[in-house]
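Student: Show me how the following folds:
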Amino acid sequence: MAHSPPGSVPVATSNQSTDSLCQIWYEEHGRAVYSYFRFHLPSPDIAEDLTADTFLKVFHSATRYDPAKGQVRPWIIRIAQNTLRDHLRKQRLRQFVPLGALGDLESDSPSPEERLLWEEQVSRLLASIAVLGPKDRELISLRFGSGLDNAEVAEMLGIREAAVRTRLWRALERLREVMAEDGS
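Tutor: Purely as a prediction, here's the structure:
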């Protein structure tokens, strides 16, 4: 099965097409799912495991995906949200990411010094995000961690796109305040 043009969504109809479809979905959305988990989890290994669990669930429910009900990325991220909730419920993990666990996040910094500065900035940012309320953290992780656009976030949260823009603006303002208090 070849990649579909943007806007068209293939639907699984047989085992072979389900395999191909899930492979395409993993290639197109796997990094977004992993990044979503990294905003919430202290370990890249756990994020990788939950990404794999998510796509296993996607594989098992691919035939139930209905493109008429929405785009595929929000559907997959919704499965990732449920996977994360289940994991946190089981593990009772704090939603804080320590500096030492950030080695796997992508960086364009060419030198070790720039990499260290970047990691310090990310650490301050994630520490500040951890201070925010759960709704603000979720909104920021969906928008920036998973790379969903405002329309996709609106679809996931069941609210209007204008409400996403407003809530995101307010969440980012609260984040700026937290970072200013910390001198970041």
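Student: quick one: low-confidence ranges for this protein?
Tutor: 1-16, 93-110, 184 (pLDDT under 70).
Student: Break this structure into its domains for me.
Tutor: Using automatic domain parsing, the domain parsing of the chain gives 10-96, 109-184.
Student: Of those domains, which stretch is the most buried?
Tutor: Counting by mean count of other C-beta atoms under 10 Å, domain 10-96 has the highest mean neighbour count of those, with a mean of 17. For the C-beta atoms, the positions are set from N, CA and C on the backbone; glycine is no exception.
Student: Need the residue closest to the centroid of this structure.
Tutor: Nearest to the mean C-alpha position of the chain, counting by C-alpha atoms, centre = their mean, stands residue 36 at 2.1 Å.
Student: which phi and psi does the residue nearest to residue 75 when sequence neighbours are not counted have?
Tutor: Nearest residue to residue 75, sequence neighbours excluded (C-beta to C-beta, 6 or more residues apart in numbering): residue 65, at 5.9 Å. Per-residue torsions, residue 65: phi -70, psi 130 (degrees, to the nearest 10).
Student: so what's residue 33 up against?
Tutor: 51, 54-55, 76-77, 80, 146 (C-beta atoms under 8 Å, 6 or more residues apart in numbering).
Student: 7 Å instead?
Tutor: Taking C-beta atoms under 7 Å, 6 or more residues apart in numbering, we find residue 33 in contact with 51, 54, 76-77, 80.
Student: List the contacts of stretch 43-52.
Tutor: For stretch 43-52, the external contacting residues (C-beta under 7 Å, 6+ apart) are 30, 33-34, 37-38, 41, 83-84, 87, 101, 104.
Student: Which of these sits closest to residue 123?
Tutor: For the contacts of stretch 43-52, the minimum distance to residue 123 (C-beta to C-beta) is 9.7 Å, reached by residue 101.
Student: Check the offset of the helix ranked longest in the chain from the chain's centre.
Tutor: Using DSSP state H to define each element, the chain has its longest helix at helix 15-38. With C-alpha atoms, centre = their mean, to the nearest Å as the basis, helix 15-38 stands 13 Å off its chain's centre.
Student: and the next element down the chain from that helix?
Tutor: Next helix or strand after helix 15-38 toward the C-terminus (DSSP states H and E): helix 44-61.
Student: between that following helix and helix 15-38, how many degrees?
Tutor: Using axes from the mean of the first three to the mean of the last three C-alpha atoms, to 10 degrees, the direction of helix 44-61 lies 150 degrees away from that of helix 15-38.
Student: and the closest residue in space to residue 69 that isn't next to it in sequence, what element?
Tutor: In this structure, residue 69 finds its nearest non-sequential neighbour in residue 75, 7.9 Å apart by C-beta to C-beta, 6+ apart. For residue 75, the element it lies in under DSSP H and E is helix 72-91.
Student: Tell me what angle the helix or strand following that helix forms with helix 15-38.
Tutor: Using DSSP H and E, the helix or strand that directly follows helix 72-91 along the chain is helix 112-131. Interaxial angle, helix 112-131 versus helix 15-38 (the same axes, to 10 degrees): 90 degrees.
Student: All set, thanks.
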